[in-house]
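Participant: Need the 3D shape of this:
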Amino acid sequence: MEESPATSDHWVLTKLVDALRLLALPAQEQIAVLPAFVATADEVALTFDEAFRLVGERVYQHVVSEDQQAALREIDGMLESMSVPPAGASDWTPEAIATSVWSRDALTADERWALLRIRALDLLQALGADPGPPDLSGSTYVSADGDLVSGGEAHP
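Facilitator: Down below sits the predicted model:
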């Protein structure tokens, strides 16, 4: 029985490399490659999380080495530690987000994002993949108005 493209080792590795490429981009490039209506920091983290969970499935653990799996877990842990609402906020209100590590300003200036970019670049190198713009053509983003935007399209 032949593997479908969505379940092949190559497809899983490609998803991972593109997620790491997105994470490794400088903030302004991350903002530029994603639709203007998305919460950029969230989308960067969610794209990584999707690939991380896929590689973590037992049938795909062989796609990366144990050291690479450890590096993936480190990145995931860093993102997870950033997911706690800021001090004094009981939840992720729009005000809490605007002043948190998940804002566009923080994506540019916060040292945690800079460290995540370094880790992503290191892991790309370990995987033998070049940094650069990710291929997001398989992604679809939905605006608040319900408009669908495919990844890789020009974004206003």
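
Participant: Let me know the secondary structure of the nearest residue to residue 23 once chain neighbours are set aside.
Facilitator: Counting by C-beta to C-beta, 6 or more residues apart in numbering, the nearest residue to residue 23 once its immediate chain neighbours are dropped is residue 120, at 4.0 Å. C-beta here means a position set from N, CA and C on the backbone, and glycine is covered the same way. Under DSSP: H, G, I helix; E, B strand; the rest coil, residue 120 falls in the helix class.

Participant: Now do residue 49 against residue 15, distance only.
Facilitator: Counting by C-beta to C-beta, to the nearest Å, the gap between residue 49 and residue 15 amounts to 11 Å.

Participant: The two: who's more crowded?
Facilitator: Set residue 49 next to residue 15 and count neighbours by other C-beta atoms under 10 Å: residue 15 wins out with 22 against 15.

Participant: List the contacts of the host helix or strand of that one.
Facilitator: Per DSSP states H and E, residue 15 falls inside helix 9-24. Applying C-beta atoms under 8 Å, 6 or more residues apart in numbering, the contact partners of helix 9-24 are 3, 5, 30, 33, 44, 47-48, 50-52, 54-55, 60, 62-64, 72, 75, 116-117, 120-121, 123-124, 127, 129, 131-136.

Participant: Next one: residue 135 from residue 23, what distance?
Facilitator: For residue 135, the distance to residue 23 (C-beta to C-beta) stands at 14 Å.

Participant: oh sorry, the question was meant for residue 15
Facilitator: Using C-beta to C-beta, we find residue 15 at a distance of 13 Å from residue 23.

Participant: that older thread, near the residue nearest to residue 23, how many other residues are there?
Facilitator: The burial count assigned to residue 120 is 22, neighbours taken as other C-beta under 10 Å.

Participant: What of residue 51?
Facilitator: Counted with other C-beta under 10 Å, the burial measure for residue 51 works out to 22 neighbours.

Participant: so who does it touch?
Facilitator: 12, 15, 16, 18, 19, 20.
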